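Student: I would like to see how this sequence folds:
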Amino acid sequence: MQGNRPALCLVLFSGGLDSILACRILQEQGIRTTALRFITPFFGYDLKGREAVAEAEILEKYGIDMRVIDISEPYLAMLKRPPHGFGRYLNPCIDCKILMLRQAITMMPAFGADFLATGEVLGQRPMSQRRDAMDIIERDSGARGLLLRPLSALGLKPTRMEESGMVDRSRLLGITGRGRKEQIALASRYGIKDYPAPAGGCVLADRILSCRFRKLFKHFGDIPDINSLLLAQAGRHFILPDGSWLVLGRDEKENQRIEGLVGKNDIMLRPSGIPGPLGLLRGLKDYQSVETASRLLLRYSRARGREAAVRAICRDNGSSRILKVSSASARLTESLKLSC
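Tutor: Have a look, this model is predicted:
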């Protein structure tokens, strides 16, 4: 208790079982919690534009007060040169956690928060949840004396909150390692049944996508804008001879996703009269690439080597052009594919 009110904790919240349990463990002690769901183009961005709906769902499902917060701008700045480097792929896990804790610290006064918590489990993740890495995260984020890890607290040194009696250490846990039995048992005790399967959640830790990001960063000479980062996560990708970037949908869902990302200066390609992918051509410098892109598009359509029509639509001025091309020569351009 702080004066006449219960303590309030800001919890870094991924939406996974561990962060749900961290909130419930604290709530069980009468501590109020506000969950901070930070999002970037690499994790949680599907919540963008539907924050209120997502917050209401978490409150109804788990009884957790959540706030969705977009940290894309500082995250992309960090990603250019993370001080603690990358993991196996393009995942800057230590600096990611440091950034989120720093953001949470700046928000503490606005919420009247007394301390911070995470759902981290000692030894669960090889890069950011080693004992030494957790200590670095706490130190470099400025969270020393403010951060509690309820799931593994008994295997860590007591925090200021425990020593002062704000948090009852005897009601915290000492979970370690990558197993999930203890968390699943605890979820059952709390009556939590509908929770996400364990996964990293961050596409920067995905082998294929991280490789694609690296190649695109090299091609652009820098980290591109958010729209391009989202586009990079859908479809088949090609870099054409003039340096333009072609993305082709692999199914109707991806076609819709790509269409939603068409920008002002992009060219959208559609096969005419036959089923096939939607194409998005970005950064066009030589109009010959429109024909090359159209041939590639037909390569993945029902054209089957014959001549067919492709409509090229310029989003900038609304103009369109019909090209009659054959997919037969598209095999020669397969070498342009941005593959890993």
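Student: Put the alpha carbons of stretch 163-180 into PDB.
Tutor: C-alpha atoms of stretch 163-180 as PDB (Å, rounded to 0.1, in the frame of the first residue of the first chain):
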ATOM      1  CA  GLU A 163      12.300  -5.600   0.900                       C
ATOM      2  CA  SER A 164       9.900  -2.700   1.700                       C
ATOM      3  CA  GLY A 165       6.900  -5.100   1.900                       C
ATOM      4  CA  MET A 166       5.100  -3.500  -1.100                       C
ATOM      5  CA  VAL A 167       5.300  -6.900  -2.700                       C
ATOM      6  CA  ASP A 168       5.100 -10.200  -0.700                       C
ATOM      7  CA  ARG A 169       8.100 -12.200  -1.900                       C
ATOM      8  CA  SER A 170       6.700 -15.400  -0.500                       C
ATOM      9  CA  ARG A 171       3.900 -15.300  -3.000                       C
ATOM     10  CA  LEU A 172       6.200 -14.900  -6.000                       C
ATOM     11  CA  LEU A 173       7.700 -17.800  -8.100                       C
ATOM     12  CA  GLY A 174      11.100 -19.300  -8.900                       C
ATOM     13  CA  ILE A 175      10.400 -20.700 -12.400                       C
ATOM     14  CA  THR A 176      13.500 -21.200 -14.600                       C
ATOM     15  CA  GLY A 177      14.300 -22.800 -17.900                       C
ATOM     16  CA  ARG A 178      12.400 -23.400 -21.100                       C
ATOM     17  CA  GLY A 179       9.700 -25.800 -19.800                       C
ATOM     18  CA  ARG A 180       6.100 -24.700 -19.600                       C
END
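Student: start at 478 instead
Tutor: Understood, numbering begins at 478; the last thing we discussed is stretch 640-657.
Student: which residues touch that stretch?
Tutor: Contact with stretch 640-657 is made by 478-479, 484, 494, 502-503, 505-506, 508, 591-592, 598-601, 625, 627-632, 635-636, 638-639, 659-660, 663, 675, as judged by Cβ atoms under 8 Å, 6 or more residues apart in numbering. In this view, the C-beta of every residue, glycine as well, is placed from N, C-alpha and C.
Student: Could you list the buried residues of that stretch?
Tutor: 643-644, 649-650, 652-653, 657 (16 or more other Cβ atoms under 10 Å).
Student: Could you break the protein into its assigned domains?
Tutor: 485-679, 711-813 (automatic domain parsing).
Student: Now the ones you listed in JSON lines, please, with extra columns for distance to residue 705.
Tutor: Shown next, in JSON lines, are these (distance: least, Cβ to Cβ, whole Å):
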{"stretch": "domain 485-679", "distance to residue 705": "9"}
{"stretch": "domain 711-813", "distance to residue 705": "7"}
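Student: So which of those domains is nearest residue 699?
Tutor: domain 485-679 (7.7 Å; Cβ to Cβ).
Student: doesn't residue 757 make contact with residue 721?
Tutor: No - between residue 721 and residue 757 there is no contact under Cβ atoms under 8 Å: 10.4 Å.
Student: The nearest residue to residue 560 once chain neighbours are set aside: what's it in contact with?
Tutor: In space, and not counting its chain neighbours, residue 560 is closest to residue 572: 6.0 Å by Cβ to Cβ, 6 or more residues apart in numbering. By Cβ under 8 Å, 6+ apart, residue 572 lies in contact with 555, 559-561.
Student: circling back to that earlier point, for residue 613, state which of the buried residues of stretch 640-657 is nearest.
Tutor: residue 653 (18.2 Å).
Student: separation between that closest one and residue 608?
Tutor: 10 Å (Cβ to Cβ, to the nearest Å).
Student: overlap in contacts of these two?
Tutor: In contact with both residue 653 and residue 608: 599-600, using Cβ under 8 Å, 6+ apart.
Student: re earlier: could the domains of the chain go into JSON lines alongside mean pLDDT and distance to residue 698?
Tutor: As requested, the domains of the chain are arranged in JSON lines below (pLDDT from 0 to 100; distance: least, Cβ to Cβ, whole Å):
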{"stretch": "domain 485-679", "mean pLDDT": "95", "distance to residue 698": "12"}
{"stretch": "domain 711-813", "mean pLDDT": "85", "distance to residue 698": "11"}
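Student: Can you say which of the ones you listed is nearest to residue 700?
Tutor: Once these are compared by Cβ to Cβ, domain 485-679 is nearest, at 5.5 Å.
Student: Distance from the closest one to the middle of the chain?
Tutor: Relative to its chain's centre, domain 485-679 lies at 15 Å (Cα atoms, centre = their mean, to the nearest Å).
Student: first to last residue in that domain, what's the distance?
Tutor: 28 Å (Cα to Cα, to the nearest Å).
Student: cool, and stretch 486-502?
Tutor: 12 Å.
Student: neighbours around residue 616, how many?
Tutor: 11 (other Cβ atoms under 10 Å).
Student: Could you do residue 729 as well?
Tutor: 11.
Student: what sits against it?
Tutor: Here residue 729 is in contact with no residues (criterion: Cβ under 8 Å, 6+ apart).
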